[in-house]
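Engineer: turn this into a structure:
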Amino acid sequence: MSNIDEPVRVVVWNENRHEKNNPKVAAIYPQGIHEAIAAPLRATGGIDAKTATLDEPEHGLAQDVLDATDVLIWWGHMAHGDVRDEIVARVKKRVLEGMGLIVLHSGHYSKIFKALMGTTCSLKWRESTDKERIWNVSPAHPIAAGLPEHFELPAEEMYGEPFGIPEPDELVFISWFTGGEVFRSGATWRRGHGRVFYFQPGHETYPTYHDKNIQRVIANAVRWARPTVRIADVCPNVKALEPLPVDSEAETRSKVGYK
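Structural biologist: Numbers count the residues shown, from 1 in each chain. A predicted model of the protein is given here:
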C-alpha cells in the first residue's frame, strides 16, 4: 500500500489478443487497449499507471508486481480460460488483503470477477448499432465526480439484464440502449479489505476508451479503490488479554450444557 501523498500505483491488465488478431481493433487501439486506458490515467496526475498482458511471464502479475500495486484494472474477453488459476488465486488474495480491483466490460466473465462475486455473472448481449446512454444515478459518489446527469456513447455493445451479480453495495450507473434494454453498468462491492468496481462500456471494436467521460470514470474509480490497509488473511491462535478462570473439564462441560 502506497502512502496517501504518493501516486496511486495502478496496473492495467489486458489480454492483448484482439489487437493482434483484428485489424479493426488494432486501428482503434494501436498501442493496445491497456495503453489506451493507462495513458489518460498518467495524464490526470497522481496516478502511476503501468501495464501487463496475458502472454507475459505469469501474465505480468508476478507476486512482486501485485505487492507493489494499489489498484488493478482488468480487461478480458476472448481468453478468460487461458488465465492460470494460480494467478487468479494470487490476485484474489491481494484484493482480500486490500488491493482495489476495477473490472471492465467483458471482464464480467473473467475468472477473477466470478471468483470474487460467487455468481454466474452472465447477461444478455448484442453487438449491433446500439447507442448507449449512461445515467449517473449516484451523483454524490466519488466515482461519479465531475460527470453530468447522463452521457452517451454513439456505438457500444449492448449488455442487458438480468445480470447475474450479487446485489451491489452501491449502484453508480445504469445504462439504456437503443434496442430498449437497461443494464446496471457501474456497481461496487467490498470483498475482504478491498474495493471492487465493475464498469460495462469498452467493447474492443468501438473507440470507447478514447471518450473523455469514460476516462474520467476510470480515473475516479482508481482513486476510490485505492487501499487504506493491507491486512493478510490469517487465523491465529491467541492468548487472552486478561487471566481466565481455570475450570475442570467437568465444570466446563456442565456450563455449556454437555453431560
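Engineer: hang on, Val83 packs against Asp55?
Structural biologist: No: using Cβ atoms under 8 Å, Val83 makes no contact with Asp55, being 11.2 Å away. C-beta: built from backbone N, CA, C; applies to glycine.
Engineer: so these two - more neighbours on which side?
Structural biologist: Comparing Val83 with Asp55 by other Cβ atoms under 10 Å, the one with more neighbours is Val83, at 20 against 12.
Engineer: chain neighbours aside, what residue packs nearest to that one?
Structural biologist: Lys111 (5.4 Å; Cβ to Cβ, 6 or more residues apart in numbering).
Engineer: go on, Lys92?
Structural biologist: In space, Lys92 is closest to Ala115, 5.4 Å off (Cβ to Cβ, 6+ apart).
Engineer: where's the one you found, which helix or strand?
Structural biologist: Take DSSP states H and E as the rule and Ala115 turns out to sit in helix 111-117.
Engineer: what is that helix packed up against?
Structural biologist: The contact analysis (3 or more Cβ pairs under 8 Å, 6 or more residues apart in numbering; DSSP states H and E) places helix 111-117 against helix 85-97, strand 100-104, strand 182-191.
Engineer: okay, it in CSV with CA atoms only?
Structural biologist: Presented in CSV, the C-alpha positions along helix 111-117 are these (Å, rounded to 0.1, in the frame of the first residue of the first chain):
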residue,chain,number,x,y,z
LYS,A,111,-12.2,-15.9,-13.6
ILE,A,112,-11.3,-13.3,-11.1
PHE,A,113,-14.6,-11.4,-11.2
LYS,A,114,-16.6,-14.6,-10.9
ALA,A,115,-14.4,-15.8,-8.1
LEU,A,116,-15.0,-12.6,-6.1
MET,A,117,-18.7,-12.4,-6.9
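Engineer: so for stretch 76-91, mean pLDDT?
Structural biologist: Average pLDDT, stretch 76-91: 98.
Engineer: return the set of buried residues in it.
Structural biologist: By 16 or more other Cβ atoms under 10 Å, the buried positions in stretch 76-91 come out as Gly76, His77, His80, Val83, Ile87, Val88, Arg90, Val91.
Engineer: could I have that stretch exported to CSV, CA atoms only?
Structural biologist: The C-alpha trace of stretch 76-91 is given here as CSV (Å, rounded to 0.1, in the frame of the first residue of the first chain):
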residue,chain,number,x,y,z
GLY,A,76,-10.5,-9.6,-20.7
HIS,A,77,-12.8,-11.2,-23.4
MET,A,78,-11.7,-14.0,-25.7
ALA,A,79,-9.1,-15.7,-23.5
HIS,A,80,-10.7,-16.0,-20.0
GLY,A,81,-9.8,-19.7,-20.0
ASP,A,82,-6.2,-19.0,-20.7
VAL,A,83,-5.7,-17.2,-17.4
ARG,A,84,-4.0,-19.6,-15.0
ASP,A,85,-5.9,-20.5,-11.9
GLU,A,86,-2.9,-19.9,-9.6
ILE,A,87,-2.6,-16.3,-10.9
VAL,A,88,-6.4,-15.8,-10.2
ALA,A,89,-5.9,-17.1,-6.7
ARG,A,90,-2.9,-14.7,-6.3
VAL,A,91,-5.0,-11.7,-7.4
